[in-house]
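*Asks:* With the sequence up front, the predicted model follows.
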Amino acid sequence: MSMRKAFVASAMVCVLSGCGSGPNAQEWADDVCTSLKPWAGEISDLTEEANGAMGPQSSPEEAQKELVTLLSGAAEATETAREGVEKAGVPDVDSGEAIADRFTSSLAETRDAYSDARDGIESLDASEDSFYDDVSQIMTQLDKDYQNVPQVASLNSDELRDAFAQLPDCT
């Protein structure tokens, strides 16, 4: 086979197999939504469980245990969502790589915020009088860290915005 025929053959294979292009906007939005929807539900479930287990009758040790469980679960769920979004690839839209990176880095920063809060709560001495004040400070820091995570709601892609709008369970 001549060099020219080999090039044409490989170019045809590339074109037919979609070589070099990522999923279209709708496919990517669907994959991302598939990763994020269970994550949001799990965070909500973990929060409900922790709130239910930490009543006025809870000891500081029980509160600490429940908060560590909540924050560990939130960090793990966020990592699973990040992996799913990363697996979705890069959407075949303008600035697709930057958009995909923004989604995965936002989830990584959220995961890290949960992990940092978990580590902080875990390191507290529940027998100290300042325990609840210290918990409050850690949770306030978690809120600040979460607010500083780049939000992905303002997509710079009309194609992706439209694709997500067609997924009512994802908005």
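*Replies:* Everything's here; your move.
*Asks:* now the protein, which segments are flagged as low pLDDT?
*Replies:* 1-20, 53-55, 152-155, 171 (pLDDT under 70).
*Asks:* That one: helices as residue ranges?
*Replies:* In the chain, the helices defined using DSSP state H lie at 3-17, 25-53, 60-87, 96-123, 131-148, 158-165.
*Asks:* Can I get the ones you listed in CSV including mean neighbour count?
*Replies:* Just so you know, the C-beta spots here come from the backbone N, C-alpha and C atoms, and that holds for glycine as well. Shown next, in CSV, are the helices of the chain (neighbours: other CB atoms under 10 Å):
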stretch, mean neighbour count
helix 3-17, 10
helix 25-53, 17
helix 60-87, 19
helix 96-123, 18
helix 131-148, 14
helix 158-165, 17
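*Asks:* Now the residue sitting nearest the centre point of the chain: closest residue in space, sequence neighbours ignored.
*Replies:* The centre of the chain sits closest to Leu107, judged by CA atoms, centre = their mean, with a distance of 3.3 Å. Closest residue in space to Leu107, ignoring its immediate chain neighbours: Arg82 at 3.7 Å, by CB to CB, 6 or more residues apart in numbering.
*Asks:* Isn't that neighbour up against Ala108?
*Replies:* Yes. Using CB atoms under 8 Å, Arg82 makes contact with Ala108 at a distance of 5.7 Å.
*Asks:* distance of Glu48 from Asp143?
*Replies:* Distance, Glu48 to Asp143, by CB to CB, to the nearest Å: 18 Å.
*Asks:* mind listing what Gly96 touches?
*Replies:* Gly22, Trp28, Val90, Ser157 (CB atoms under 8 Å, 6 or more residues apart in numbering).
*Asks:* Could you point out which of those residues is nearest to Thr78?
*Replies:* Nearest to Thr78 among the contacts of Gly96 is Trp28, at 19.5 Å by CB to CB.
*Asks:* Surely the closest one touches Ala88?
*Replies:* Yes. Counting by CB under 8 Å, Trp28 does reach Ala88; the two are 5.5 Å apart.
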